[in-house]
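Asker: Below: sequence and its predicted model.
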Amino acid sequence: MSSYDPLNPAVTADPYPYYTQLRNEEPVSWIPSLQGFTVARWEDVTRCLTDPKVYSSSKFWPALLGEYDPVPEGPPMISMDPPGHVPIRKLSGKIFVPSRVNALQDKVTRIANTLIDDIIARNGTEGEFDYVHEFSSLFPASVISEVLGVDVERRVEFKHWVDDLLSAGGRASFPPERLAQIERSSRDIRAYFEEIYDRRKAQPGDDLLSGFIHAEVNGETLTRIEVLNLGILLLLGGVETTANLLAITCSQFRRYPEVVEAIRADPNKTGALIEEVLRYDSPVQMLFRHTTQDTILAGTRIPEGALVMPLLGSANRDPGKYRNADQLELDRNPKEIMSFGYGPHFCLGQYLSRMEARTAINLLLQRFGTLVPVSDEVQWTDTYFARGPKTLPVRFKVQ
Amino acid sequence: MSANPRPPEFQRVGSAAALGVGERLMVTVGELELVVFRLAEGVVAIPAACPHNGGPICDGDLNGSTVSCPWHGYNFDLRTGACEDDEDLSLERFEVRIAGDDILVKVQT
């Protein structure tokens, strides 16, 4: 087996054997193609994510997006350290507390049912459809559009913009035409949010972006740049990870039919399935930190200013944390998982994401008596930061 | 022998006289890490980790009786344990007694 290189498509398609090798042989490893250190074990990933004084987030966005950052004038909160990120994090965090998310349940259920109705209208009561294109990529984009108060009818564009931006981490290996596409998406998402800002500034509504424009943090309203960053970040976070979670979950339905039957028999187990899928095949595979000082991690010296990449997908498979970590087990009930990160930047929208995923999977299995990928082979997206099927043809039958 | 005999489930964690109003004391009892705050209203003991996401609330800013977690800014009223930002969250508060100069905290070890 070759060395772990996230720019290698074979690694992106199945990073897990490489993670095993890293955990066993080189838990902190220098990756020449990315000019940074990966961190593979649970304990060391935890340390990176909970010690912002040594492992700073301040260059997260430049590391991921580089010159394709749509708002390079200032950092979004994901690229800030405490205490600076706390006021804006707290402002946006209020939207995603469980009581507010639970109030969205009916709306989320309606969106999922409408998408399923559309699938049946297009494809009949049995046959095949592309689960990614017709469901999983549209559903979270629709939910976050409604939450943010942006134009839900543009959700397909949103998804393309988000896919392109999040793929920018692989820019070093992309051909010029792909880079031009990423640049267009970066420009388009910026232009869209500029337009929304102007509309909401002139005519405030009861939507989230209007709320951000007029909210006060420490007695001051947010700047235009801060609102643009917040809106784009929430769209990115809301669209991509849940879409991938839903598609990864369905991709396992062919391999684990007994799990599907168990969920059908007891829909209360869907939450357990979602947690285990999050652990088993995380929709976010790594994060980015930079050292603020010389440090030593797992016996490896890391100099000040180095790029450090905690591998969430590897930490979740650490046998020191989970027995039979490479197996998907419905009854595992993992209490701690790294899939939403940990520490000050623990995913803001994790509760919403989990609620969306449970709702969607339950409705899909309720309405489709058959829902199974047509092939064992899954075509994965070419990004190493986010992970999910690029396309997922499924056979279905309405029940 | 202590001048202030205590029930066995209570642990002495520090000196009451040494802990001024607005000050805090980090203590470990068994495997449990606690922080003890002296408020104007009395002494409060809570876990060192925030119930939201395990952040170091023990290091959080104290404003009157409100402590704010440095990771995500969640505010908790130390008098009641209530979270001002999420009604589903609350701080565990350990029973505290003052016996002479001893701060005693009731914990399961």
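Answerer: Alright, I've got the coordinates. Numbering: from 1, shown residues only, chains lettered A, B, ... in the order given.
Asker: rest of the way, CA atoms for contacts and neighbours
Answerer: Noted.
Asker: Need the three-state assignment for the residue nearest the centre of chain B.
Answerer: Nearest to the mean C-alpha position of chain B, counting by C-alpha atoms, centre = their mean, stands B:Ala45 at 2.0 Å. For B:Ala45, the assignment made with DSSP: H, G, I helix; E, B strand; the rest coil gives strand.
Asker: Over to A:Val308?
Answerer: Look at A:Val308: counting by three-state DSSP, its state is strand.
Asker: any chance you could map the strands in the chain?
Answerer: Using chain A here. Remark: strands assigned in chain A by DSSP state E are A:28-31, A:36-39, A:55-56, A:126-130, A:216-217, A:220-221, A:289-291, A:295-297, A:300-302, A:307-310, A:368-373, A:379-380, A:389-391, A:393-398.
Asker: wrong one, I was asking about chain B
Answerer: B:10-15, B:24-29, B:32-39, B:42-47, B:61-63, B:66-68, B:75-77, B:96-99, B:102-106.
Asker: what's the third one in contact with?
Answerer: So that's strand B:32-39. B:19-28, B:43-49, B:58, B:64-65, B:109 (C-alpha atoms under 8 Å, 6 or more residues apart in numbering or on different chains).
Asker: follow-up on the earlier one: need the contact list for the residue nearest to the centre of chain B.
Answerer: B:Ala45 touches B:34-37, B:93-96, B:105, counting by C-alpha under 8 Å, 6+ apart.
Asker: Kindly report the same for A:Val108.
Answerer: Taking C-alpha under 8 Å, 6+ apart, one finds A:143, A:356, A:359 in contact with A:Val108.
Asker: Go ahead and confirm the second one touches A:Pro140.
Answerer: Which is A:Glu356. Yes - contact criterion C-alpha atoms under 8 Å: A:Glu356 and A:Pro140 qualify, at 7.4 Å.
Asker: who touches both of the two?
Answerer: Common neighbours of A:Glu356 and A:Pro140 (criterion: C-alpha under 8 Å, 6+ apart): A:Thr242.
Asker: Against B:Ser90, how distant is the closest residue to chain A within chain B?
Answerer: Nearest to chain A, among the residues of chain B, is B:Trp71, at 4.4 Å (C-alpha to the nearest C-alpha). B:Trp71 sits at a distance of 16 Å from B:Ser90 (criterion: C-alpha to C-alpha, to the nearest Å).
Asker: Name the nearest residue to residue 76, ignoring sequence neighbours.
Answerer: Let's take chain A. Here the nearest residue to A:Pro76 in space, its sequence neighbours aside, is A:Asn229; by C-alpha to C-alpha, 6 or more residues apart in numbering or on different chains that works out to 5.1 Å.
Asker: oops, I was thinking of chain B
Answerer: Of all residues beyond its chain neighbours, the one nearest B:Phe76 is B:Cys83 (4.4 Å), with distances taken as C-alpha to C-alpha, 6+ apart.
Asker: Neighbours of that neighbour, how many?
Answerer: The local packing of B:Cys83 (other C-alpha atoms under 10 Å in any protein chain shown) involves 21 other residues.
Asker: swap in the one 5 residues further on?
Answerer: Neighbour count for B:Asp88, taken as other C-alpha under 10 Å: 12.
Asker: Please verify my assumption that it contacts A:Asn102.
Answerer: No - between B:Asp88 and A:Asn102 there is no contact under C-alpha under 8 Å: 11.5 Å.
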